[in-house]
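Asker: okay, structure incoming, though there's no sequence with it:
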């Protein structure tokens, strides 16, 4: 499978709503939340006005002309917020493209982009039960804080 990592085009920003929904970790046996959950204020910080702030960066994974995954960053007061100089990350892939190395490739490219833009580190929040914790650790993220259900992880970029 040929996967291309490229910038997400402004006209494609509406896709982030779907990817944000797919980024919600749903433990085994739990029913998925309604799609309207992405419009809750605590999730809208990831999307509202995306592209208008200097730290707003996004990349797409494209296979056969279709966007199958995205990673995006912005400085926001989200679950993964560590300070006002550190972009928080969100990443999501369509289910059938998970486990193929695409997420690693997307995240790696985003970390390089953020370093090139002068950011010192990046952060994210991930549920403790999420299999993606291993991916983030493999990429060099370390747990810097936690609550009952989530890890707050950060990675030094330079």
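Answerer: Looks like it came in fine. Remember, it's a predicted structure, so these values are computed and weren't measured experimentally. Residues are numbered from 1 along each chain as shown.
Asker: please go through the protein and pick out the longest strand.
Answerer: Among the segments of the chain that qualify as a strand by DSSP state E, the longest is strand 66-74.
Asker: and that one, what does it pack against?
Answerer: Contacting strand 66-74 under the criterion 3 or more C-beta pairs under 8 Å, 6 or more residues apart in numbering; DSSP states H and E are the following elements: helix 15-23, strand 57-63, strand 88-93, helix 102-116. To be clear about C-beta, it is placed using only N, CA and C from the backbone, and glycine gets the same treatment.
Asker: got a pLDDT number for the nearest residue to residue 129 once chain neighbours are set aside?
Answerer: Taking C-beta to C-beta, 6 or more residues apart in numbering, and ignoring the residues beside it in sequence, residue 129 has residue 27 as its nearest neighbour in space, at 5.7 Å. Looking at residue 27, its pLDDT reads 82.
Asker: ok, the one 4 residues further on next?
Answerer: The confidence metric pLDDT takes the value 93 at residue 31.
Asker: likewise for residue 158?
Answerer: pLDDT, residue 158: 80.
Asker: for it, which non-adjacent residue is spatially closest?
Answerer: With C-beta to C-beta, 6+ apart as the criterion, residue 158 has its nearest non-adjacent residue at 5.2 Å, and that residue is residue 115.
Asker: distance check, the spatially most central residue of the chain against residue 69.
Answerer: When C-alpha atoms, centre = their mean is applied to the chain, the residue found nearest the centroid is residue 90 (1.5 Å). When distances are taken as C-beta to C-beta, to the nearest Å, residue 90 and residue 69 turn out to be 11 Å apart.
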